[in-house]
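[1] Dropping the sequence and predicted coords here.
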Amino acid sequence: QVQLVESGGGLVQAGGSLRLSCAASGRTFSNYAMGWFRQAPGKERECVAVISWSGSRTYYADSVKGRFTISRDDAKNVVYLQMNSLKPEDTAVYYCAADATQRWRTSSSESDYDYWGQGTQVTVSS
């Protein structure tokens, strides 16, 4: 079993930055691909960024490319999402998720993820 706990959300003005963290329990964290998803009010949850188990492969949604960076620190069992140049449309609850099945893939499909955190709210004001 893996537990994921997100932190770092908050209220920020447009153009600002936030760094989200996701702390994972369990000794096999380094074997998992990790993803960040978000869900805005009235919208479906969407994949924002994914990093493979080794960190060598990443995926970004077109809407965040060049602004968001996903990274991981396996020594600390933490995955990060650095968010720069934030826009009001980035407002959402952000979730981290672990793909414990296929560590090589960088799937953007939420059905491929086995464990989820509780989410952290990010609000970007205009």
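    Yep, it's here. Only a predicted model underlies this, so the values are computations on that prediction, with no experimental measurement involved.
[2] where does the chain have low pLDDT?
    Flagging of the chain using pLDDT under 70 yields an empty set of residue ranges.
[3] Helix, strand, or coil at the residue minimising distance to the centre of it?
    The chain has W36 as the residue nearest its centroid, 2.0 Å off, counting by Cα atoms, centre = their mean. What DSSP: H, G, I helix; E, B strand; the rest coil gives for W36 is strand.
[4] Contacts only, for it.
    Contacts for W36 (Cβ atoms under 8 Å, 6 or more residues apart in numbering) come out as 20, 22, 47-50, 70, 79, 81, 94-97. Heads up, the C-betas are built off the backbone N, CA and C, glycines and all.
[5] Would you mind naming the residues that bridge with it?
    Beta-bridge pairing of W36 under DSSP bridges involves A49, C96.
[6] Could you measure from it over to E110?
    Distance from W36 to E110, counting by Cβ to Cβ, to the nearest Å: 11 Å.
[7] Show me which of the contacts of W36 is closest to F29.
    Nearest to F29 among the contacts of W36 is V79, at 8.6 Å by Cβ to Cβ.
[8] residues contacting that closest one?
    S21, C22, A24, M34, W36, I51, I70, S71, R72, D73, C96.
[9] could you flag which of these are buried?
    Among the contacts of V79, the ones that count as buried by 16 or more other Cβ atoms under 10 Å are S21, C22, A24, M34, W36, I51, I70, R72, C96.
[10] Need those in a markdown table (columns: distance to E6).
    Output for the buried ones among the contacts of V79, formatted as a markdown table (distance: Cβ to Cβ, whole Å):
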| residue | distance to E6 |
| --- | --- |
| S21 | 7 |
| C22 | 5 |
| A24 | 10 |
| M34 | 12 |
| W36 | 9 |
| I51 | 15 |
| I70 | 13 |
| R72 | 14 |
| C96 | 5 |
